[in-house]
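Visitor: Coordinates only, no sequence provided:
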């Protein structure tokens, strides 16, 4: 790898190569809109080790994508503002460094892929141009060298006939191939952390399987931390090591993947798992979670899930918000009655 | 009268591809649906699964009469819809209604919920006299679990799941026997998805409806369907009861599709038989010769390029499967 950029990265205040590649502490994000302040993220914490896959699981509006955008520093601002917390890359608080320094971290150390590859890629430039741009801007390479690297990258993500296809435009690629191009772009500068925001939601299942297999392979090769943002519990069960379940801007349960599917200890997680159609329950009614997620401008007092929860008691309807209780080593649940929920099969 | 409420025979829809501005010449055709036979019995749910571009939505549009078939026949309650008079065709269409995928764009934002749900009566005024309509609309809203007092609200005042309920109420307005659901839950979150599926099942029991349920989510289809047809590039490649398709799939495409679905159980990770297909679906404007799946199939041999396999029961397949080399392979359960 080229050196000049890494030299500049060394100059980051407090960089500690032994610290975790990504650590988020008590992150708060709000959107100041005409209809009031929408509190999208309300104190989210998690960490990501090298080579680990952490899934952030949640439904639309739970704040999972906003968390990712805040980490990348691509939040639409205004109306979005990070109002508190820390986002640490190897010990460096990304919220405290200057924007130029942050640009160096972005793509170089922390990269991101998006759900909709067609709108994430620029339609008026060739795929090769967009890939080689990274090398020209971040590494100062020449046009021909960077083009050669672009071809290598397309090869890496298994796009057939990479040498020809490098000169094509995004619309000439199929959905799965576009997602591969985006993965290539994210991996171009060899990042330590990859954030994948619903990477396969727009794809068919057979293509989804291809993309997830590719991501897993590349992650292992590079010992990269993968932050997978998704609502698909099937995908999570297949690839994740750790899970953080989010609801109304908070992490409400955190656990290793096996534990969470075996014995969920938060009523929301339990409800999500039960609402998946299952083979042994065919012909029976699905146990849906009643009601709707709250508006982020008007989150209920106490536990945000209480209006939909079948375990809710008076304590849940009053502040303070239930803290994350330690359920087991490396497991926590933000429910006052986690013992009851966990024991209830 | 027979038990079959809807039947398609050799249904074909080709969209012409033209060249030239003033004098348009046809240079080819997109074979969106290319010869489909299916039957729907009273009170049952027929699931249709397939990936994008396989023709399932075009099929749906033909079944409800939004698209005229290029060839083939469609029978609704034994009557050939292409041969009956205009008035009878209108009556036939009353019997088959559509629930659409996207609850955000399939409702007119400028109409109230009452107007949306009551619009079918404007199209078919003979069904219900005007003074009775408002009460009927409120009854419908109640039936789908919405507050009847919200009749004067607009779609934007409802959430996605509630909007899908409005779409269902509209489909039920004319007391149809057949409801065609085109991806009714794929735009919804998991917890809301379950609510809508439960509603559909409840309505089926109460009103004795027959459903055609089109979806790409195989676990949802498995939950709701009695019989399943798997489509690939405008053709049905395998059809059977829900059990036959999921437990004993015999067509390689069905097997690949099933094995690609992630199972929400981390204990099965790495234990299932996973088939990762290479490449993309070929263009329906220029489908491969012979078997259409052969370009992505690991079993393909010369015969597959020369001879199109028929959708029929074979020695190795107890239910109809369109593969020369059909054989059972369990892809859903953990391997021993």
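Guide: Yep, that arrived. Since this is a predicted model, take the numbers as computed values, not measurements.
Visitor: Straight-line length of stretch A:302-317, end to end?
Guide: 5 Å (C-alpha to C-alpha, to the nearest Å).
Visitor: burial count for the residue of the stretch 1-150 of chain A found nearest chain B?
Guide: Nearest residue of the stretch 1-150 of chain A to chain B: residue A:59, at 4.0 Å (C-beta to the nearest C-beta). C-betas here are computed from N, CA, C, even on glycine. Residue A:59 has 19 neighbouring residues, counting by other C-beta atoms under 10 Å in any protein chain shown.
Visitor: Just confirm it contacts residue B:194, I think it does.
Guide: No: here residue A:59 lies out of contact with residue B:194, judged by C-beta atoms under 8 Å, at a distance of 11.9 Å.
Visitor: circling back to that earlier point, next one: the residue of the stretch 1-150 of chain A closest to chain B from residue A:248, what distance?
Guide: Distance of residue A:59 to residue A:248, computed by C-beta to C-beta, to the nearest Å: 10 Å.
Visitor: overlap in contacts of these two?
Guide: residue A:293 (C-beta atoms under 8 Å, 6 or more residues apart in numbering or on different chains).
Visitor: dump the residue contacts of residue A:73.
Guide: With C-beta under 8 Å, 6+ apart, residue A:73 has these contacts: A:94, A:102, A:106.
Visitor: could I get the residues you listed as CSV with pLDDT and secondary structure?
Guide: Below are the contacts of residue A:73 laid out as CSV (pLDDT from 0 to 100; DSSP: H, G, I helix; E, B strand; the rest coil):
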residue, pLDDT, secondary structure
A:94, 90, coil
A:102, 87, helix
A:106, 85, strand
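Visitor: ok, back up a step: quick check, the residue of the stretch 1-150 of chain A closest to chain B in a helix?
Guide: No: assigned with DSSP: H, G, I helix; E, B strand; the rest coil, residue A:59 falls outside any helix and is coil.
Visitor: any idea what sits nearest it, other than its immediate chain neighbours?
Guide: Among residues not flanking residue A:59 along the chain, residue B:189 sits closest, at 4.0 Å (C-beta to C-beta, 6 or more residues apart in numbering or on different chains).
Visitor: for the contacts of residue A:73, which one is nearest residue A:320?
Guide: Of all those, residue A:94 has the smallest distance to residue A:320: 28.9 Å, by C-beta to C-beta.
Visitor: What is the neighbour count of the nearest residue to residue B:45 once chain neighbours are set aside?
Guide: Nearest residue to residue B:45 in three dimensions, chain neighbours excluded: residue B:211, at 4.2 Å (C-beta to C-beta, 6+ apart). The number of residues packed near residue B:211 is 24, by other C-beta under 10 Å.
Visitor: What of the one 3 residues further on?
Guide: For residue B:214, the tally of surrounding residues (other C-beta under 10 Å) stands at 26.
Visitor: Heading C-terminal from whatever helix or strand it lives in, find the next helix or strand.
Guide: In this structure, residue B:214 is located in strand B:210-215 according to DSSP states H and E. Using DSSP H and E, the helix or strand that directly follows strand B:210-215 along the chain is helix B:218-224.
Visitor: and that following helix, what does it pack onto?
Guide: Packed against helix B:218-224 by the contact rule (3 or more C-beta pairs under 8 Å, 6 or more residues apart in numbering or on different chains; DSSP states H and E) you find strand B:45-49, helix B:190-207, strand B:210-215, helix B:242-247.
Visitor: make it 6 Å
Guide: For helix B:218-224, the elements it packs on are strand B:45-49, judged by 3 or more C-beta pairs under 6 Å, 6 or more residues apart in numbering or on different chains; DSSP states H and E.
Visitor: who touches the residue nearest to the spatial centre of chain B in this structure?
Guide: Computing the C-alpha centroid of chain B and ranking residues by C-alpha atoms, centre = their mean puts residue B:214 first, at 2.6 Å. By C-beta atoms under 6 Å, 6 or more residues apart in numbering or on different chains, residue B:214 lies in contact with B:48, B:56, B:60, B:182.
Visitor: What distance do you get for it to residue B:208?
Guide: Using C-beta to C-beta, residue B:214 is found at 21 Å from residue B:208.
Visitor: and the closest residue to residue A:303 other than its chain neighbours, what does it touch?
Guide: Leaving aside its chain neighbours, residue A:303 sits nearest to residue A:316 (4.5 Å; criterion: C-beta to C-beta, 6+ apart). Residue A:316 makes contact with A:302, A:303, A:306, according to C-beta under 6 Å, 6+ apart.
Visitor: Residues of the stretch 101-250 of chain B that sit close to chain A?
Guide: Residues of the stretch 101-250 of chain B found near chain A (C-beta under 6 Å from any C-beta of the partner chain) are B:159, B:189, B:190, B:191, B:194, B:195, B:197, B:198, B:219, B:220, B:223.
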